[in-house]
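Asks: I would like to see how this sequence folds:
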Amino acid sequence: MYATSPAESVHALDVSGLSVPEVTFWTIGYGDELLGCVALKELEAGHGELKSMRTDAAARGRGIGARLLDHVLAEAARRGYARVSLETGAEEFFRPARTLYAKYGFRECPPFAGYAIDPNSVFMTLELPSAAHSASPTRGRRPAD
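Replies: The predicted structure follows:
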């Protein structure tokens with residue numbers, strides 16, 4: 001992320017940040033090829049943060065980001081979270097990520113969990129369906145394009 005954002009605006013977790021108990025980290029690959037990763041951090045009861053979602057440049061456009069997002073949102077729902085929030089870049093490089101998040105229903109929001117207003121950051125949040133709606137047959141699926 002340091003190649004695309006100013007150092008003071010990089011909020012990606014390093015290995016030690018991904019290793020704390022409140023963070024769960026997943027990867028997706030094919031054979032020996034790592035295609036992407038995502039993390040979910042519990043901020044407080046009922047609120048998770050999407051962290052460190054990345055797709056390898058060579059794998060972009062193959063639906064890897066959507067698969068990772070489907071997985072993390074299903075896990076957040078399984079944990080009973082009411083919402084999932086995220087911080088992503090405001091630069092053009094991050095437009096595909098912001099577009100994907102918006103397609104899933106994430107909406108821009110004020111900074112959360114100790115973040116500050118930053119012209120290089122976009123903050124987004126998604127309210128998850130309540131447990132009463134979790135039996136919906138569309139739960140966990142990506143909305144139609």
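
Asks: Which residues are in contact with V20?
Replies: Applying C-beta atoms under 8 Å, 6 or more residues apart in numbering to V20 gives no contacts. Where C-beta positions appear, they are placed from N, C-alpha and C, glycine not excepted.

Asks: Can you tell me the SS state at it?
Replies: Under DSSP: H, G, I helix; E, B strand; the rest coil, the three-state class of V20 is coil.

Asks: Mind pulling up the pLDDT for it?
Replies: We have a pLDDT of 89 for V20.

Asks: And it, how close does it get to E42?
Replies: 10 Å (C-beta to C-beta, to the nearest Å).

Asks: what's the helix or strand for the most centrally placed residue in the chain?
Replies: The residue lying closest to the centre of the chain (C-alpha atoms, centre = their mean) is L50, at 3.3 Å. Secondary structure from DSSP states H and E places L50 in strand 47-55.

Asks: I'd like the average pLDDT over that strand.
Replies: Here the average pLDDT along strand 47-55 is 94.

Asks: strands paired with it, and their directions?
Replies: Next to strand 47-55 in the sheet, as set by DSSP bridges, lie strand 33-44 (antiparallel), strand 83-89 (parallel).
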